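Asks: Okay, here's the prediction I keep looking at, along with the sequence it came from:
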Amino acid sequence: MKKLSTIFKEASENRIKKGLKDSEAFFVVKYSKLSGPDLNALRKSLRGIDSEMLVVRNNTARRALAGQNEALINFVQGPCGFVFSKKEPVAASKVLFNFTKDHANLILEGGLLKDKLLNSKDIEALAKLPSREVLLTKTVMAIKSPITGFVFVLKGNLRKLVFCLEQIKQKKQ
């Protein structure tokens, strides 16, 4: 029969492996000297954007990451938390970055976006991107702009034709 601690370690390893497999992005944060209520507030704000934060022992995390991505192991030093973002990596990075502004004790170490390794500067750049809705709006406007310009050009020619016909009508009267 296995010890309870062994079962807990195996479950934590499996949770990290599953989180890496199912997530769009994965971030490593250091939460040293961060109070419990602040950590709970961070978890709550992450849950609102379909992300979750997991805290496990470093040895357990290193074992879980050993088969996945060796470069992430370098980020696991000291008290670390792992943030898994299932759908919106930009939103998760914004939440983490904004939280670091208010709480200097939370440090963004690095992460993984799809298969690309991120450092703290990359996460900050990701957080400064506009939201998905803004990007979609800009894309639609960029696609719509030439069509709108073409319509206005055609409308201008029709307006000139109507103006000329009106002038001819007034001359004949």
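Replies: On my side now, so go ahead. Numbering: from 1, shown residues only.
Asks: Now do the domain split for this protein, please.
Replies: When the chain is parsed with automatic domain parsing, its domains come out as 4-129, 131-173.
Asks: any chance of the ones you listed in a markdown table, plus mean pLDDT and mean neighbour count?
Replies: From N, CA and C alone the C-beta is placed, and that goes for glycine too. Formatted as a markdown table, the domains of the chain follow (pLDDT from 0 to 100; neighbours: other CB atoms under 10 Å):
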| stretch | mean pLDDT | mean neighbour count |
| --- | --- | --- |
| domain 4-129 | 85 | 17 |
| domain 131-173 | 85 | 10 |
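Asks: now the helices: where do they sit in the chain?
Replies: Taking DSSP state H as the criterion, the chain contains helices spanning 4-22, 36-47, 58-66, 89-102, 120-127, 132-172.
Asks: Which of those sits closest to residue 108?
Replies: Distance to residue 108, taken as CB to CB, is lowest for helix 120-127 among the helices of the chain, at 4.5 Å.
Asks: tilt between the closest one and helix 89-102?
Replies: On the basis of axes from the mean of the first three to the mean of the last three CA atoms, to 10 degrees, helix 120-127 is oriented at 110 degrees to helix 89-102.
Asks: packing partners for helix 120-127?
Replies: helix 89-102, strand 107-113 (3 or more CB pairs under 8 Å, 6 or more residues apart in numbering; DSSP states H and E).
Asks: Show me the one of those that comes nearest residue 12.
Replies: Closest among the helices and strands packed on helix 120-127, using CB to CB: strand 107-113, at 18.2 Å.
Asks: Off-centre distance for that closest one?
Replies: Its chain's average C-alpha position is 12 Å from that of strand 107-113, according to CA atoms, centre = their mean, to the nearest Å.
Asks: Which strands and helices lie in contact with that strand?
Replies: strand 25-30, helix 89-102, strand 116-119, helix 120-127.
Asks: So which residues make contact with the longest one?
Replies: Right, helix 89-102. 24-25, 27, 29, 42, 45-46, 49, 51, 83, 85, 106-108, 113, 123-124, 126-129, 131-132 (CB atoms under 8 Å, 6 or more residues apart in numbering).
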